[in-house]
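Asks: one predicted model, sequence on top.
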Amino acid sequence: MSDQRDLSWKPPEAPSRIGITLETYILEGMLGFPAATGAFTSLLNQFGLVAKLVTSKVRRAGLANVLGYTGQTNVQGEVVQKLDEVANETLLSVLGRRGHCAAVVSEELGEMRLLCTDPRAKYIVVVDPLDGSSNIDVNISIGTIFGVLRKSDAKMGADPSDFLRPGRDLVAAGYVLYGSSTLLVITTGLGGVHGFTYDPTVGEFFLSHENIRIPERGSTYSINEGHSARWPESVRRWNAWIKEDSKHEGRPYGARYVGSLVADAHRTLLKGGIFAYPADRGGQGKLRLLYEANPFAFIFEAAGGKASTGAERILDRVPRSLHERVPLVLGSPRDVEDFEQFVRGEG
Ligand SMILES: O=P(O)(O)OC[C@H]1O[C@](O)(COP(=O)(O)O)[C@@H](O)[C@@H]1O
Ligand SMILES: [Mg+2]
Ligand SMILES: [Mg+2]
């Protein structure tokens, strides 16, 4: 008797969870974190609330008197936009309410801000409340970037040394993109990277991008070429190489640059390719290690990508100060490796 088994049989695919709300996804542990207490799930859900509150301002920016400058200058020497301040205040008030977050380091605050001295507040947060500030007044995509660390020990409150730890110690990271729609992308590093789209008619974030994986290689590069005269020779040689006409090697790559890290990184995460903000010769770079580079490095690695200074893994870098700047290269593993090869002088 011939073997009639149906060899084409495949086990049913895990049902798609597209359409599940962010809250449910987090509460039911689908983000993949072992033995979560209510504190962690509640803290992650607070970022959803912050995103809803900030997006309501962003969507009406021209009407809600949140365009333009406050006249203040922040610790980075940058003029503070009204929306930077609104987003920062919104974050501090939401995170300060539930007692799960002991302290915050924010781009808009010179020092660490203590939120809760209760030793049961186990987590601390790093945040760029409003990213892409130069694009606010011209209605181009902007964002919010966040990362969560566990306090090193169950003490009262927190101190700056709790924040000066390598990015690999993060327990969650994410960003909100205020673009044509509002999207919140989040990961704990364990259960994949997932995107949730905000439906303002319902007031909920719904799963729209499940288990984001970055392609091995892309076809676009993203860098502010206006700075090329200040770049190290190796970066200039990489930039020339990526634009060479070599069809069989998939070059030249297309150039894409929004000037908002969240927008440029998001596109690179979904489509592949490379984003780079290198240091000027002898410089440190522009982007901040704690609340810009580390959260994105954590997200990109969880999605199969790479994040480097050009020479070392971002997540292994031990910060020396709260607002330390770092060269940042994010992208598809093959594309970041090409960049690193040039930095090593092998390109
Ligand atoms: O104008 P440049 O030099 O290209 O810098 C753009 C970069 O600066 C930033 O706007 C800095 O972030 P903030 O807006 O949060 O200060 C990034 O979003 C962006 O990638
Ligand atoms: Mg920023
Ligand atoms: Mg900012």
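Replies: That came in fine, so what should we check first? Ligands and ions are numbered 1, 2, ... in the order given.

Asks: next, see if the longest helix belonging to the chain gets close to ligand 1.
Replies: As assigned by DSSP state H, the longest helix anywhere in the chain is helix 38-58. No - remark: helix 38-58 sits outside contact range of ligand 1, by C-beta under 6 Å from any ligand atom, the gap being at least 13.4 Å. Glycine gets a C-beta too; all of them are placed from N, C-alpha and C.

Asks: report all helices and strands that that helix contacts.
Replies: Using 3 or more C-beta pairs under 8 Å, 6 or more residues apart in numbering; DSSP states H and E as the contact test, the elements touching helix 38-58 are helix 22-27, helix 82-97, strand 123-131, strand 142-150, strand 170-178, strand 182-187, strand 193-199, strand 204-209.

Asks: recalculate using a threshold of 6 Å.
Replies: When contacts are defined as 3 or more C-beta pairs under 6 Å, 6 or more residues apart in numbering; DSSP states H and E, helix 38-58 packs onto helix 22-27, helix 82-97, strand 170-178.

Asks: weakest of these in terms of mean pLDDT?
Replies: Across those, the stretch with the lowest average pLDDT is helix 22-27; it has a mean of 88.

Asks: returning to that earlier point: residues in contact with the longest helix of the chain: which ones?
Replies: Residues outside helix 38-58 that contact it (C-beta atoms under 6 Å, 6 or more residues apart in numbering) are 22-23, 26-27, 64, 66, 86-87, 90-91, 94, 98, 100, 123, 146, 176, 178, 182, 184, 205.

Asks: for that helix, which positions count as buried?
Replies: 39-48, 50-52, 54-55, 57-58 (16 or more other C-beta atoms under 10 Å).

Asks: what helix or strand does R267 sit in?
Replies: helix 261-271 (DSSP states H and E).

Asks: so does that helix get close to ligand 3?
Replies: No - Helix 261-271 does not reach ligand 3 (C-beta under 5 Å from the ion); its nearest approach is 8.7 Å.

Asks: report the mean confidence score over the helix or strand that comes right after that helix.
Replies: Using DSSP H and E, the next helix or strand after helix 261-271 towards the C-terminus is strand 274-277. Strand 274-277 shows an average pLDDT of 98 in the prediction.

Asks: and strand 274-277, how far out from the chain middle?
Replies: 13 Å (C-alpha atoms, centre = their mean, to the nearest Å).

Asks: tell me if it is near ligand 2.
Replies: No - on the criterion C-beta under 5 Å from the ion, strand 274-277 is out of touch with ligand 2, staying 10.4 Å away.

Asks: the next helix-or-strand element following that strand packs against which elements?
Replies: Proceeding N to C from strand 274-277, the next assigned helix or strand is helix 294-302, under DSSP H and E. Helix 294-302 sits against strand 142-150, strand 170-178, with contacts defined as 3+ C-beta pairs under 6 Å, 6+ apart.

Asks: what does the protein put close to ligand 1?
Replies: 78, 107, 128, 131-134, 224, 259-261, 277, 286.

Asks: so where is the chain shaky, pLDDT-wise?
Replies: Scanning the chain for pLDDT under 70 picks out 1-16, 33-37.
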